[in-house]
Structures are given as C-alpha cells and as structure tokens.
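> Got a predicted structure plus its sequence, pasted below:
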Amino acid sequence: MKKINLYFLIMIISLSMLTAGCVSEQTEDVEAAENNMEDAASTSVTQTDTIYQFSVIDALLEGVYDGEITCAELKENGDFGLGTFDGLDGEMLELDGVIYQVKADGNVYKTNDTETSPFAAVTFFETDIQEDINTEMTGQGLASYIEELLPSKNLMYAVKITGNFSYMKTRSVAAQEKPYPRLVDVTKDQSVFEFNDTEGSIVGYWMPEYINGINVPGYHLHFITADRTAGGHILDYTINSGTIEIDSCDSFYLELPENENYLSTGLSADNEGDLEEAEN
C-alpha cells in the first residue's frame, strides 16, 4: 500500500516586519521552521497529544469507501477514536484499545486486526480535563458546557463521556457496493436506533473550524453501551449523570492513500452542506 504522509503541528507564531531588513530574518525563520517540521515528521506518530488520521472527510463524502489501513495499524497509533470500515460497513468506535463495529443491524461486533478502514481518527487518550455531571442536560446543552471547558479553540480535543443517558439516538449505515454513492445519499437510507435509560460511553472529537474538509468541525461523536451490544453515530441524546474527560491534542498527523479513486473524486468541491446533512 503506497501512501502519502503529511504532518501538521498546531503552533502560535508571531511575525513582525517593521523594516526591509526583516526579509532576511523571515527567510531564516522559514528555514528553521522547515527543519523543525522535518525533525517532527521523523519522530514516532504514536506520541501522546497527537491525533492520527487516515484520509480526509471530504473523500468519504465523495464516496471513497475502499479500506486502505488495517485495524492493527490504527491500534498502533491510538487506543481511542472513531471512523468507518471498508465499503462504509457501519460505524467504528475505538475505546480502551478495542475497535468495535456497529453495523446497520444495530449490533456491535469486535473487529479483526486485518479488517480495513477508508477513514479513521485515533489518539492515545490521556485525561487533561475531567468534570462530573449531576444535572440532566441535552446533547446541545452539554456541547456548550464542554466548549466552556476548552482552554483554547485553536487546539483539537478528544472527548470521552461516560454516564447514564435517559435518551440516546444513533445511526449506522449498511455496506455499499461499487459504484459507491456519495455519503449524503447513503445516509438517506440509514438505520436509526433509539435507547431509553441506558449506560454507556461517548467517544469522539471537538475540532476547530479550520479543519473543515479534513475532518468534521465541531463535534463528531459515536456511542457504545456499557455492555457493548449497541451504539452508533450520535444524532441526539440526553444525559442524566456522568463524567466528562477531555484530552487536549496539539499535534495532528494525516496519512493519505494514493490511488486513482481517491485522486479523481474532485475533493476541492464545497461539501460543507453535504457534511452537515450526512452528520445529522
């Protein structure tokens, strides 16, 4: 499998050019930054506070569903995260180093290391922020509450919520056959599941707006019940009590597949409206 590797570090850089002499200083700064990025790219991508992602969300929106990375490889780069499977066969959720598959039949399956994914984002979860919840909140209310806890909107955050939910609404989709339809068309025929008075865990991310096209800006959340029998991509929920854990991530590693299907899908198209429809 041939891939392209891109490494991004989220940094705050202050540049000032007050005189013409700053041009040479700027050149030196650029060279130094390039050297730093080369050094960073040569280090292991499995470091903490790094989100490892395979492919981009716009490719998934355009119907690039062929699995290119194995579950074993994903586990090497994180013990927490989400994604999907070859052919868009259900929703992926990784929790405590175990990758689960929520299929369109509503059941949860443990995966084999050889199974593949066209899109996933994982990290080694370490709790930086923790808060207990003892008041009933809707998903929208809890989303606003969590955003108040985030120290900076420039960073990316892995979010884990373990608790008791009076209501949970999720979805999954069935495996697709070629020629693959676009994601927005697949989700028109999605399987929807509703649970009342259930215990479980929410796994996902909050990402800033500049990630648009690469991943989902804002929240992207999946759910799995405590007994690991049901779950899916979250559409709506109400929580009664639980614990919020947040892992601040200041590094992002993106790995891209290189194949004809991927490169010919016209990924420069504006998919923001389709993304919102497919997510919700």
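Structure received.
> Check which residues of the helix or strand hosting Lys169 are buried.
Using DSSP states H and E, Lys169 maps to strand 156-172. For strand 156-172, a neighbour-count test (16 or more other C-beta atoms under 10 Å) marks 156-161, 163, 165, 167-172 as buried. (Glycine included, C-beta is placed from N, CA and C.)
> Would you convert these into TSV that also reports distance to Leu254 and pLDDT?
Listed next are the buried residues of strand 156-172 as TSV, based on distance: C-beta to C-beta, whole Å; pLDDT from 0 to 100:
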residue	distance to Leu254	pLDDT
Met156	12	98
Tyr157	17	98
Ala158	16	98
Val159	20	98
Lys160	22	98
Ile161	26	98
Gly163	32	98
Phe165	33	98
Tyr167	35	98
Met168	31	98
Lys169	31	98
Thr170	27	98
Arg171	26	98
Ser172	26	98
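> Now render the residues you listed as CSV, adding distance to Asp79.
Shown next, in CSV, are the buried residues of strand 156-172 (distance: C-beta to C-beta, whole Å):
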residue, distance to Asp79
Met156, 17
Tyr157, 16
Ala158, 10
Val159, 15
Lys160, 11
Ile161, 17
Gly163, 20
Phe165, 23
Tyr167, 28
Met168, 23
Lys169, 27
Thr170, 22
Arg171, 25
Ser172, 22
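> so which of those comes closest to Ile214?
Met156 (10.6 Å; C-beta to C-beta).
> Verify the stated contact: that closest one with Tyr52.
No. Using C-beta atoms under 8 Å, Met156 is not in contact with Tyr52; the gap is 11.6 Å.
> now the strands for the stretch 51-200 of the chain?
Using DSSP state E, counting those that start in this stretch, the strands of the stretch 51-200 of the chain run over 69-70, 80-84, 91-95, 98-102, 108-110, 116-117, 120-123, 129-133, 137-138, 156-172, 191-207.
> got the contact list for the fifth one?
Under the contact criterion C-beta atoms under 8 Å, 6 or more residues apart in numbering, strand 108-110 has outside partners Val98, Ile99, Tyr100, Gln101, Val102, Lys103, Ile224, Thr225, Arg228, Thr229, Ala230, Gly231.
> which of these count as buried?
Listed as buried from the contacts of strand 108-110 are Ile99, Tyr100, Gln101, Val102, Lys103, Ile224, Thr225, Arg228, Ala230, Gly231; burial here means 16+ other C-beta under 10 Å.
> Which residues are in contact with the fifth one?
With contacts defined as C-beta under 8 Å, 6+ apart, Lys103 is in contact with Asp89, Gly90, Tyr109, Ser172, Ala174.
> Widest-spaced pair of those?
Tyr109 and Ala174 (13.9 Å).
> number of nearby residues for Asp236?
Using other C-beta atoms under 10 Å, Asp236 has 13 other residues around it.
> Just want the angle from the strand holding Lys169 to strand 191-207.
Interaxial angle of strand 156-172 relative to strand 191-207 (axes from the mean of the first three to the mean of the last three C-alpha atoms, to 10 degrees): 170 degrees.
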